[in-house]
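**Student:** Below is the sequence, then the predicted model.
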Amino acid sequence: MWNGNLRRIGIFLIPTLVALGGCDSSAAPIQESGNAGQRADLRVDRHRVDLVRSRVWVLTEDGVVLYRNDRHERVAIHLPEWLLVGATFSCPPDIALGPKGEAIVTSNVVPMLWRINPDTLEVSVHRLELDSDANQDFGFSGLSYSSRHGKYFAVSSTQGSVWSVDPLLTKAQKVQASASNAGACGAIS
């Protein structure tokens with residue numbers, strides 16, 4: 001059954017990825033899962049396709065679901081200490097693919113990241129040391145890895161700020177953006 005879901009996601013995403021030149025920052029709606037009655041206002045519907053490893057990573061309101069085409073399986077991955085708020089209050093958190101196939105998940109509440117090992121699926125939690133705005137409450141609603149720069153870039157929709165995040169997921173530095181990103185869910189300019 002999951003193979004049919006993967007095929008439906010792939011049919012929609014492949015043309016999108018081709019149009020974006022292979023960029024992994026596109027997000028499209030998927031079917032909601034989990035406890036819709038408990039958190040019906042949460043609209044987490046982001047996913048990333050890893051064509052190299054034949055996988056689809058899906059961010060849901062309950063964590064991450066990994067569809068492995070090579071093994072014909074669906075794996076639910078719990079994110080310990082994951083904090084997020086619903087669409088009424090903020091843009092949803094985001095998921096990005098790293099250079100080694102790892103999935104990185106944001107919180108839209110606090111500057112923390114969750115890294116999922118692509119081989120073992122073990123989750124590690126990373127509290128970012130900020131170079132500014134440490135006294136403010138914000139998280140990231142957009143995340144993308146730049147192979148050109150060798151690091152991640154994150155956006156906070158509540159602040160409209162853009163941050164560079166080192167590849168070890170320890171520090172975040174505020175960078176000058178070409179435009180305000182306030183209210184831009186997942187967009188980095």
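**Tutor:** Done, it's in.
**Student:** residue ranges of the helices in the chain, please?
**Tutor:** Taking DSSP state H to define them, one finds helices in the chain at 2-19.
**Student:** Quick one: low-confidence residue ranges for it.
**Tutor:** Scanning the chain for pLDDT under 70 picks out the ranges 1-45, 87-88, 177-189.
**Student:** How about residue 147: what's its closest non-neighbour residue?
**Tutor:** Closest residue in space to residue 147, ignoring its immediate chain neighbours: residue 99 at 6.3 Å, by Cβ to Cβ, 6 or more residues apart in numbering. C-betas here are computed from N, CA, C, even on glycine.
**Student:** So what's the residue count around that neighbour?
**Tutor:** Using other Cβ atoms under 10 Å, residue 99 has 10 other residues around it.
**Student:** How much space separates it from residue 172?
**Tutor:** For residue 99, the distance to residue 172 equals 18 Å [Cβ to Cβ, to the nearest Å].
**Student:** next one: phi and psi at the residue nearest to residue 147?
**Tutor:** Dihedral pair for residue 99: phi -70, psi -20, per degrees, to the nearest 10.
**Student:** Tell me who's in contact with it.
**Tutor:** Residue 99 is in contact with 145, 147, 167, counting by Cβ atoms under 8 Å, 6 or more residues apart in numbering.
**Student:** Please report the distance of the first one from residue 158.
**Tutor:** Using Cβ to Cβ, one gets 22 Å for the distance from residue 145 to residue 158.
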